[in-house]
Every structure is written in C-alpha cells, then in structure tokens.
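Visitor: just to be clear, the model below is a prediction. Sequence and coordinates:
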Amino acid sequence: MSEVDHKARALSTARPAYPRAAERTRSEGVVRLRLLIDASGSVAAATVVSATGHPSLRSAAVRAAKSWRFSPAHHQGRAVAAWATQSLTFKLARR
C-alpha cells in the first residue's frame, strides 16, 4: 500500500442488524474495525481492532462493513487500495 493524496470516503454505510443474542442480554458496545478498501471502493478485508459488549457485536460489525461502499483513496490521481478505521456503536433503544 502506498501513501495517499486523498483518503477513502464513505458513500454507503448501512447500519448492522442488532444481534439477537446481544439484544436479549441488553448488551451495548463499540466495535472498532480496520478496513482494507480496494481501488474500486469495496471493502476487501475487515478485522476487529477492539470491541466492548457481547461477542456477537463483533461479527455483526464485520458483516455490515463488508457491504459498505467507498470512494477509494487516491495517489497521484489514481485510485489505490488503502487502510482505514471505523467505529460502530451498538446502542439499544430505551424502554
């Protein structure tokens, strides 16, 4: 991966479905992901950097991230693959 002149920019970031196991236990949390965004703007890889809350939040965050679309990073006018980080907060509606 080379240096970039312009970072990738999110175009479509659908919220993940709240996992039933986390919902049943009223678990909330934050999942921080490291994303490899390819030159076409797709997420080629998503890994969990850190997470709080129920373990199911991690897999829900990774699944959602893999469907996201980005305007890719650019280096010297060309689209390039680049790493980015993104945090997802899982918060239940109050009863």
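Guide: Happy to help now that I have it. Numbering: from 1, shown residues only.
Visitor: which residue is the nearest non-sequential neighbour of the residue nearest the centre of the chain?
Guide: By CA atoms, centre = their mean, the chain has its centre lying nearest to residue 65, at 4.0 Å. Leaving aside its chain neighbours, residue 65 sits nearest to residue 46 (4.2 Å; criterion: CB to CB, 6 or more residues apart in numbering). Yep, even glycine has a C-beta here, placed from its N, CA and C like the rest.
Visitor: the one you found against residue 60, yeah?
Guide: No. The pair residue 46 / residue 60 is not scored as a contact, 11.5 Å apart, by CB atoms under 8 Å.
Visitor: so residue 48, which state does it fall into?
Guide: strand (DSSP: H, G, I helix; E, B strand; the rest coil).
Visitor: my read: it touches residue 61, true?
Guide: Yes. With contact defined as CB under 8 Å, residue 48 reaches residue 61; the gap is 7.1 Å.
Visitor: give the residues shared as contacts by these two.
Guide: Shared contacts of residue 48 and residue 61 (CB atoms under 8 Å, 6 or more residues apart in numbering): 31, 33.
Visitor: so which residues of the protein form helices?
Guide: 20-24, 56-65 (DSSP state H).
Visitor: what's the closest of those to residue 7?
Guide: Minimum separation from residue 7 across these (CB to CB) falls at helix 56-65, 16.3 Å.
Visitor: which residues does that closest one contact?
Guide: With CB under 8 Å, 6+ apart, helix 56-65 has contacts from 13-22, 27, 29, 31, 33, 35, 43, 46-48, 51, 86, 88, 90.
Visitor: burial check on residue 56, number of neighbours?
Guide: Residues near residue 56, counting by other CB atoms under 10 Å, number 19.
Visitor: and it, how far is that from residue 20?
Guide: Distance from residue 56 to residue 20, counting by CB to CB, to the nearest Å: 8 Å.
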